[in-house]
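J.: Sequence first, then the predicted structure, then my questions.
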Amino acid sequence: MGSFELPPTTIEAFQRDGAVCIRQLFSSDEVGLLERGIEHNLAFPSERAKVASGPDDPGWFFEDFCNWQENPAYRQFIFQSRVGHVAAQLMGSDQARLYHDHLLVKEPNTRQRTPWHQDQPYYNVEGRQNCSMWMPVDPVARESTLEFIAGSHLGPWLMPRTFLDNQARWFPEGSLADLPDIEADRSAWNILGWELQPGDAVFFHMLTLHGAGGVGGNRRRRAFSLRFLGEDMRHAPRPWRTSPEFPGLVEQLAAGAALEHELFPRLWPRDLA
């Protein structure tokens, strides 16, 4: 399990902007390991998998969640790479726990955008010390990369909606402000985004507004995401189905409890149970 000291400027950028790119954080062997895990996941999807593109889309947008326990390559990458230490530093936390893994694959000619959204309103956790990693195993062009609105992690929670039909299924309609129409005037926003090569990774806060375009006809975009929990994160049961959901957790972990549970193993430091 690797340690890796980040420069202070990287941590400051994450805290200020809610998103940062770290170049060549992972070796070619680690990228290859993760690529094998992704291909295994595509061949054997879980019951949580879903297609996030419409039937008329000439491409295919596939997602799957929470497979680290069944996927040996995912497990090796998560527990033996430096990613837990990096996450702890960015969060300003003495510890980092795994929240969940998330696979996102856009095959060539996928038109479907990943709409602008925040992640945390879909989840069953609350707190400020959190982050996500998004790492491609394929080169990603600037027009297909994940984009972020700098500083949006400091603002309010916004209404989460379904990606395909824009329905409010998590919070009651009107209970949270709606997202602004960022695409209507992109010049009005400080949009961050990076062309990426395998080995690069972006990290972002769960409240940072983010989205992505489709992919072209000669591009495949396989990306692996990990979510991390710092020491101030707490269980926040919801009366609806979260994305992802953790069946039975509400009976095992009280509302407001620290997420000290086998589903959320500690990645940093590893010598603490």
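T.: Yep, it's here. Keep in mind that what you see is a predicted model, and the values were worked out from it rather than measured. Numbers count the residues shown, from 1 in each chain.
J.: Any stretches of the protein with poor pLDDT?
T.: For the chain, the stretches with pLDDT under 70 are 1-2, 271-273.
J.: just so I have it, where are all the helices in it?
T.: Using DSSP state H, the helices of the chain run over 8-17, 28-43, 72-80, 83-91, 249-252.
J.: Identify whichever of these lies nearest to residue 160.
T.: Using Cβ to Cβ as the measure, helix 249-252 is the one of the helices of the chain that comes nearest residue 160, at 19.4 Å. The way it works is simple: take the backbone N, C-alpha and C, and place the C-beta from them, glycine included.
J.: Which residues outside that closest one are in contact with it?
T.: Contact with helix 249-252 is made by 124, 235, 237, 261, 263, as judged by Cβ atoms under 8 Å, 6 or more residues apart in numbering.
J.: swap in stretch 116-124?
T.: For stretch 116-124, using Cβ under 8 Å, 6+ apart, the contacting residues are 99, 126, 130, 132, 149, 152, 157-161, 163, 170-171, 176, 179, 182-183, 206-211, 227, 235-238, 242-243, 245-246, 249.
J.: Which among the residues you listed count as buried?
T.: Buried members of the contacts of stretch 116-124, counted by 16 or more other Cβ atoms under 10 Å: 99, 130, 132, 149, 152, 158-161, 163, 170-171, 176, 179, 182, 206-211, 227, 235-236, 242-243, 246, 249.
J.: does residue 105 have beta-bridge partners, and which?
T.: For residue 105, the beta-bridge partners are residue 62, residue 222 (DSSP bridges).
J.: Pull up the gap between it and residue 169, please.
T.: Look at residue 105 and residue 169: by Cβ to Cβ, to the nearest Å, they are 23 Å apart.
J.: Which of the buried ones among the contacts of stretch 116-124 fall in strands?
T.: In this view, the buried ones among the contacts of stretch 116-124 that belong to strands under DSSP state E are 99, 130, 132, 149, 210-211, 227, 235.
J.: ok, so of those residues, who is nearest residue 19?
T.: Distances from residue 19 to those, taken as Cβ to Cβ, are shortest for residue 210 (7.3 Å).
J.: which residues touch the closest residue to that closest one other than its chain neighbours?
T.: Nearest residue to residue 210, sequence neighbours excluded (Cβ to Cβ, 6 or more residues apart in numbering): residue 148, at 4.8 Å. Residues in contact with residue 148 (Cβ under 8 Å, 6+ apart) are 17-19, 191-193, 202, 204, 208-210.
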